[in-house]
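# Show me how the following folds:
(chains A and B)
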Amino acid sequence: MAAVNIIDLTPLDLALAAVLVLALAATSTWLRLGLGRQLIVSGIRTAVQLLLVGLLLKVVFDADRLLWVALMAGVMLAVAGREVMRRQRRRFAGPWGYALGTVSMFISAFSVTVLALVAVVGTHPWWEPQYAIPLLGMMLGNTMNGVALALDRLTAAAWDRRDVIEARLALGETPVQATAGMRREAVRVGLTPIINAMAAAGIVSLPGMMTGQILAGAPPWTAVKYQVLIMFMIAGGTGFATLAAVALGTRRLFDARERLRLERLSHG
Amino acid sequence: MPILTLQALTVHGVGPVDLTVGPGEVAGLTGPSGAGKTLLLRAVADLVPHGGEALLDGVPATAMPAHRWRAQVGWLPAESPWWHDTVGEHFTPCPGVDFTVLGLPAAAGAWQVSRLSTGEKQRLALLRLLCRGPAALLLDEPTSGLDATATRRVEHHVREYLAARQAPVIWVSHDQEQLARVADTIYILEGGALAPLSRPRHESAREGTWRP
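Next up, the predicted model:
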């Protein structure tokens, strides 16, 4: 990808953009919306976090070593797992709360990213940091959303509808049969954002990655192809991660005697 | 001839409970609120972790997958939930079920669940359980919320079922008059212990006064 005619941004340019956030914060304070402080803190976090990641990416790209890429991927996965856990009202208690989402994302996001790098993009080496890290980042960001939404829906439904689950078990249904409706609903909720994003891509919105590549000087056609690739990867990755999380979560809701064990959920 | 046996069954401060209910027999179970009657039935249905064992015909629950055990010992909760939109969808495993036996219209299958009264839900839940043909019954207040006529209908229908199937039944009720009508032996669960409340009642009481 030859970067031609890139207009680099100076700190002054970014400061000008920051004025917009400041103006919004001032307006919100004036309107007593109570969002002024939050806006400024979030704005500062955006700038600081992205600058740090920029520095880190530079180090990893320059080092060009598998160990560094693996380390960074591990940190990204760990943070995504924590975020999945944080977003659930009734998460699984103990290590399961963290492990369920993390394992599902690991199985799905990592395998899809490796598949894309090896079979589709064909980078040499396959873990080429400039490709591996951004692709994995986008995969994890999206699978994280899907898995968090699906697990939240699954555990909330089990909690709210325990009488239905037990009544169905009492009629001789297996846990899989007794939770069929709520498992379907959980997967549907987890997959809706990516289905909507695919349906609206290019019509309602120009996806962020494609826009970024075009702004960075890539030919639109190249940017479009990468965007299609990433959309399909995200759909597959999110879908399989969500299915895995819902299957693992359902298993954890029941014990070996097919009893609903809601005490395994925290009372959040 | 199915026999339901509880051997040293313990669950959350209830028990150890030892009980044998023979074929076609009704063990009435009463006791103050919160004594653990519902909990005991849930333990027999293996819906909660418990100690001891429940056996049907000498075969322990743990000898088979839990869903097969539960299909055999039909548990009817005091308030049965509904999860499909229409009544009929809950009866998919038993096509041709006769709703009229409990005084409901033959077309009750087309009813919307959201419009059912408490009494209709109660009777339909019993039919939903019986149509699957469990070999034993665990009934938790099966007639609460029913008027006298509907109550007698339910009692009669259960009696017919157990006569035909020789099913052992544990029948939980606060209504001791009802238990005197339906049960062969009445037990009281109090302070975590199960004790017989009455001697086996007179056979003539079984006939009751209600005629369909």
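
# Please make it C-alpha for all contacts and neighbour counts, starting now.
Fine.

# Give me the buried stretch members for whichever strand or helix holds A:Gly237, please.
Here A:Gly237 sits within helix A:220-253, counting by DSSP states H and E. Neighbour counts over helix A:220-253 (16 or more other CA atoms under 10 Å in any protein chain shown) mark A:223-224, A:226-227, A:229-231, A:233-250, A:252-253 as buried.

# For the closest residue to A:Trp127 other than its chain neighbours, report the pLDDT, please.
Nearest non-adjacent residue to A:Trp127, counting by CA to CA, 6 or more residues apart in numbering or on different chains: A:Leu66, 6.7 Å away. According to the prediction, A:Leu66 has pLDDT 91.

# Quick check: the gap between A:Leu66 and chain B.
Between A:Leu66 and chain B the distance is 48 Å, computed by CA to the nearest CA, to the nearest Å.

# returning to that earlier point: ok, is the helix holding A:Gly237 in contact with chain B or not?
No - contact of helix A:220-253 with chain B (CA under 8 Å from any CA of the partner chain) is absent, the minimum separation being 12.9 Å.

# so what does that helix touch, helix or strand wise?
helix A:95-105, helix A:111-115, helix A:129-160, helix A:180-200, helix A:208-215 (3 or more CA pairs under 8 Å, 6 or more residues apart in numbering or on different chains; DSSP states H and E).

# Just the angle for it relative to helix A:208-215, thanks.
Per axes from the mean of the first three to the mean of the last three CA atoms, to 10 degrees, the angle that helix A:220-253 makes with helix A:208-215 is 160 degrees.

# Give me the angle between helix A:220-253 and helix A:180-200.
Computed by the same axes, to 10 degrees, the angle between helix A:220-253 and helix A:180-200 is 170 degrees.

# Average pLDDT for helix A:220-253, rounded please.
pLDDT averaged over helix A:220-253 gives 90.

# try stretch B:165-177
91.

# who touches the residue of chain B found nearest chain A in this structure?
In chain B, the residue found nearest to chain A is B:Ala71; the distance is 4.1 Å by CA to the nearest CA. B:Ala71 sits next to A:Ala170, A:Leu171, A:Gly172, A:Glu173, B:Arg132, B:Pro134 when contact means CA atoms under 8 Å, 6 or more residues apart in numbering or on different chains.

# How about B:Trp151, nearest residue that isn't a chain neighbour?
Quick fix: residue B:151 is Thr, not Trp. B:Thr143 (5.5 Å).

# which residues does that neighbour contact?
When contacts are counted by CA under 8 Å, 6+ apart, B:Thr143 is found next to B:Gln122, B:Ala150, B:Thr151, B:Val154.

# Going by distance to B:Ala35, which of those residues wins?
B:Gln122 (22.8 Å; CA to CA).

# is it true that the closest one touches B:Ser80?
Yes - counting by CA atoms under 8 Å, B:Gln122 touches B:Ser80, with 7.0 Å between them.

# Please enumerate the helices of chain B.
Secondary structure of chain B by DSSP state H: the helices cover B:37-44, B:66-72, B:118-130, B:148-165, B:176-182.

# I'd like those helices written out as TSV, with distance to A:Val114 added.
Compiled in TSV, the helices of chain B are given as follows (distance: least, CA to CA, whole Å):
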stretch	distance to A:Val114
helix B:37-44	49
helix B:66-72	41
helix B:118-130	51
helix B:148-165	61
helix B:176-182	68
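
# Among those helices, which comes closest to A:Thr102?
helix B:66-72 (30.4 Å).

# for the helix or strand of chain B with the lowest mean pLDDT, packing partners?
Within chain B, no helix or strand scores below strand B:193-196, which has a mean of 87 by mean pLDDT, DSSP states H and E. With contacts taken as 3+ CA pairs under 8 Å, 6+ apart, strand B:193-196 sits against strand B:14-21, strand B:185-190.

# residues making contact with it?
B:Val14, B:Gly15, B:Pro16, B:Val17, B:Thr185, B:Ile186, B:Tyr187, B:Ile188, B:Leu189.

# Quick check: bridge partners of the fifth one?
As for beta bridges, B:Thr185 partners with B:Ala27 under DSSP bridges.

# got a list of what B:Phe99 touches?
With CA under 8 Å, 6+ apart, B:Phe99 has these contacts: B:Pro105, B:Ala106, B:Ala107, B:Ala108, B:Leu124, B:Leu127.

# let's see it at 6 Å
Contacts for B:Phe99 (CA atoms under 6 Å, 6 or more residues apart in numbering or on different chains) come out as B:Ala106.

# What parts of the stretch 151-268 of chain A come near chain B?
Within the stretch 151-268 of chain A, the positions near chain B by CA under 6 Å from any CA of the partner chain are A:Val164, A:Ala170, A:Leu171, A:Gly172, A:Glu173, A:Thr174, A:Arg257, A:Arg259.

# Helices - which of the residues you listed land there?
Per DSSP H, the subset of those in helices is A:Val164, A:Ala170.

# and the gap between A:Tyr131 and A:Gln49?
20 Å (CA to CA, to the nearest Å).

# which of the two has more neighbours?
Per other CA atoms under 10 Å in any protein chain shown, whichever of A:Tyr131 and A:Gln49 has more neighbours is A:Tyr131, with 15 against 12.

# Could you tell me the model confidence score at that one?
89.
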